[in-house]
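Enquirer: Prediction below, plus the sequence it came from.
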Amino acid sequence: MTGGRELVMVSNRLPVDRVVNEDGSTSWRTSPGGLVTAVEPIVEQLGCLWVGWAGSADERVDPFEIGSMRLAPVELSEEDVELYYEGFSNGTLWPLYHDVIAQPEYHREWWDRYRQVNRRFAERVAQEAAEDAIVWVHDYQLQLVPALLRQLRPDLTIAFFLHIPFPPSRLFAQLPWRKRIVEGLLGADVIGFQQVTDAVAFRMTAERFTRAPALGNTVVVPATADRPSRTVLAQEFPISIDAAAFAAVAERPEVRRRAQEIREELGNPKTLMLGIDRLDYTKGIRHRLKAYNELLADGEIDAADIVFVQVATPSRERVEAYRQLRDEVEVTVGRINGEHGAIGRAPLVYLHRGYQRDEMVALYLAADVLLVTPLRDGMNLVAKEYAACRVDEQGVLVLSEFAGAADELRDALLVNPHDIEGLKAAIVRAAHMPKEEQRRRMHSLRRAVHHNDVSHWAAGYLGAVQAAAESRQVGPSG
Ligand code: GDG
């Protein structure tokens with residue numbers, strides 16, 4: 001898929017976490033999260049050099065190897081983390097790109113540090129990458145890297161993939177440094193987005209702020225005194241999962257037994273409802289809890305019949321908006337259980353921690369209903385994983401129409417999470433859905449996930465990148 005060229009992955013975080021073993025020694029294991037879930041199978045197959053931050057501030061970590069990956073850590077200071085990562089990436093870009101659900105903050109010192117850190121990443125890649133390598137830069141934290149890298153290493157083919165939505169031009173326009181970001185991205189040969197709407201928004205934005213005209217799926221970067229014009233492919237490549245691997249875990253007898261055990265431990269409720277999200281304000285957890293609380297309060301759902309398990313994986317805990325969210329969610333959880341629980345029975349089980357992959361699959365298998373109700377989400381892999389795991393073709397997916405996954409998973413119960421009445425109706429409908437309808441819908445969801453699985457996605461995206469690499473060798477006019 002890379003035509004023999006070295007593959008270099010670049011992301012804010014390396015795809016591994018350091019763990020302390022029982023004997024006090026440390027080792028690395030792959031970390032949970034959307035980016036890793038999606039690209040892990042590709043990297044296992046192709047091998048790569050991966051450039052990113054190792055996760056602890058002010059610490060120099062020497063390059064190391066795991067399996068087929070060579071990892072080259074980029075050092076970040078405490079202040080870099082505060083200004084570039086928590087500040088500009090997660091206090092400015094994240095809310096701006098997710099439909100301003102939270103108010104983005106625009107601070108010049110955050111931006112300055114974002115530029116500096118992006119430069120550091122670009123320089124590190126420039127030092128490490130082999131001649132003619134394919135460099136694949138990931139996500140909103142590193143949008144300036146493509147153009148910086150092109151200046152430093154014109155031999156490289158540069159690909160960028162945005163895992164989150166690209167905002168409509170009228171929102172993006174708020175960003176004081178909008179032109180610089182677009183120019184940064186246009187340094188790539190291929191820019192991949194999750195949805196058609198993201199790609200269209202980017203092409204319009206590029207035209208508006210840099211006067212680079214859009215032509216079909218491409219943006220044409222005009223010639224300058226020292227550079228010929230270039231064509232950048234800016235297109236949707238909806239990300240996916242290794243559906244067969246998830247299905248295989250779901251078939252394992254011990255995972256099935258564990259699913260059964262989970263239901264028993266929860267008192268064998270008639271309906272087990274599940275939510276699995278990073279604890280993030282984009283994921284719609286508050287709206288979901290509100291709907292659930294009202295259903296219990298109205299008596300439309302009997303607390304004796306249902307248990308809702310909400311796994312909220314810890315995320316960005318030093319960012320104020322995330323701290324506030326956690327507090328609010330935890331108060332609401334206490335209120336719901338206080339009002340509707342009984343001794344030995346809580347209608348809401350809230351778990352603020354991460355789990356191993358097998359336990360996640362057991363949860364998917366145990367759940368009659370999965371609630372995926374983000375207010376905005378680039379794709380949402382949890383929705384796809386649920387479908388992949390339901391080899392029994394049972395279970396109901398309630399899915400927000402504002403998740404990228406809704407483009408493909410048309411047979412989910414699609415909801416507008418802002419419409420609490422609509423959300424309540426969907427939950428009731430899901431809890432009572434006849435088995436035959438579950439089967440019909442789940443069959444269609446599984447077909448969609450298996451059709452566009454991770455290898456289909458990777459072949460499409462890397463195919464486009466390889467084509468770009470080949471046309472660069474022929475020359476810009478060839
Ligand atoms: C971003 C975009 C886009 C979660 N908790 C645990 C765990 N996970 C895994 C899930 C899933 C992944 O993390 C989460 O992916 P999502 O897609 O749901 O969401 P984000 O983290 O926000 O990802 C998103 C994605 O990038 C990919 O492009 O879809 O829109 O926001 O795979 O299973 N995995 C394990 N333990 C956990 O506790 N093992």
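Expert: Received the coordinates, thanks.

Enquirer: And whichever residue of the stretch 101-250 of the chain sits closest to the ligand, its phi and psi?
Expert: Nearest residue of the stretch 101-250 of the chain to the ligand: residue 163, at 3.5 Å (Cβ to the nearest ligand atom). C-betas here are computed from N, CA, C, even on glycine. When read as degrees, to the nearest 10, the backbone of residue 163 gives phi -80, psi -20.

Enquirer: Pretty sure it sits against residue 239.
Expert: Yes - using Cβ atoms under 8 Å, residue 163 makes contact with residue 239 at a distance of 7.0 Å.

Enquirer: tell me which residues form a beta bridge with the closest residue in space to residue 31 that isn't next to it in sequence?
Expert: In this structure, residue 31 finds its nearest non-sequential neighbour in residue 17, 4.3 Å apart by Cβ to Cβ, 6 or more residues apart in numbering. For residue 17, the beta-bridge partners are residue 29 (DSSP bridges).

Enquirer: Number of residues surrounding residue 17?
Expert: 17 (other Cβ atoms under 10 Å).

Enquirer: Flag the shaky bits of the protein, pLDDT-wise.
Expert: 32-34, 473-478 (pLDDT under 70).

Enquirer: residues from it in reach of the ligand?
Expert: For the chain, the residues in contact with the ligand (Cβ under 6 Å from any ligand atom) are 32-35, 37-38, 163-164, 239, 276, 278, 313, 354-357, 360, 377-382, 385.

Enquirer: Surely residue 268 is within a helix?
Expert: No - judged by DSSP: H, G, I helix; E, B strand; the rest coil, residue 268 forms no part of a helix; its state is coil.

Enquirer: Going by how many neighbours each has, rank residue 163 and residue 239 and give me the top one.
Expert: Per other Cβ under 10 Å, whichever of residue 163 and residue 239 has more neighbours is residue 239, with 27 against 22.

Enquirer: A helix includes the more buried one, no?
Expert: No - secondary structure of residue 239 (three-state DSSP): coil, not part of a helix.

Enquirer: just checking, it touches residue 139?
Expert: No - Residue 239 lies out of contact with residue 139 (Cβ under 8 Å); the separation is 11.4 Å.

Enquirer: For those two, list the residues in contact with both.
Expert: Shared between the contact lists of residue 239 and residue 139 (criterion: Cβ atoms under 8 Å, 6 or more residues apart in numbering) are residues 161, 163.

Enquirer: ok, the residue nearest to residue 31 to the ligand distance?
Expert: Taking Cβ to the nearest ligand atom, to the nearest Å as the measure, residue 17 and the ligand are separated by 11 Å.

Enquirer: could you list every residue that touches that residue?
Expert: Applying Cβ under 8 Å, 6+ apart, we find residue 17 in contact with 28, 29, 30, 31, 55.

Enquirer: which residues touch the third one?
Expert: Right, the one you point to is residue 30. So residue 30 contacts 15, 16, 17, 36, 40 (Cβ under 8 Å, 6+ apart).

Enquirer: Now the fourth one. Nearest residue, chain neighbours left out?
Expert: Which is residue 36. residue 15 (4.5 Å).

Enquirer: burial count for that neighbour?
Expert: Neighbourhood size, residue 15 [other Cβ under 10 Å]: 23.

Enquirer: same deal with residue 218?
Expert: 18.

Enquirer: from memory it sits against residue 229, does it?
Expert: No - look at residue 218 against residue 229 with Cβ under 8 Å: they stay out of range, at 11.2 Å.

Enquirer: For the residue lying farthest from the centre of the chain, grab phi and psi.
Expert: No residue in the chain sits farther from the centre than residue 225, which is 39.4 Å out by Cα atoms, centre = their mean. Backbone torsions of residue 225, given as degrees, to the nearest 10, read phi -60, psi -40.

Enquirer: next one: residue 277
Expert: When quoted as degrees, to the nearest 10, the phi and psi of residue 277 stand at phi -150, psi 150.

Enquirer: give the contact list for it.
Expert: 283, 285, 310, 311, 312, 313, 372, 374, 382.

Enquirer: Keep only those of those that are in helices.
Expert: Per DSSP state H, helices hold the following members of those: 285, 382.

Enquirer: which residues in the stretch 51-200 of the chain form strands?
Expert: With DSSP state E, counting those that start in this stretch as the criterion, the stretch 51-200 of the chain has strands at 64-66, 69-74, 134-138, 157-161, 190-193.

Enquirer: For residue 361, list the residues it contacts.
Expert: Residues in contact with residue 361 (Cβ under 8 Å, 6+ apart) are 246, 249, 250, 255, 385, 389.
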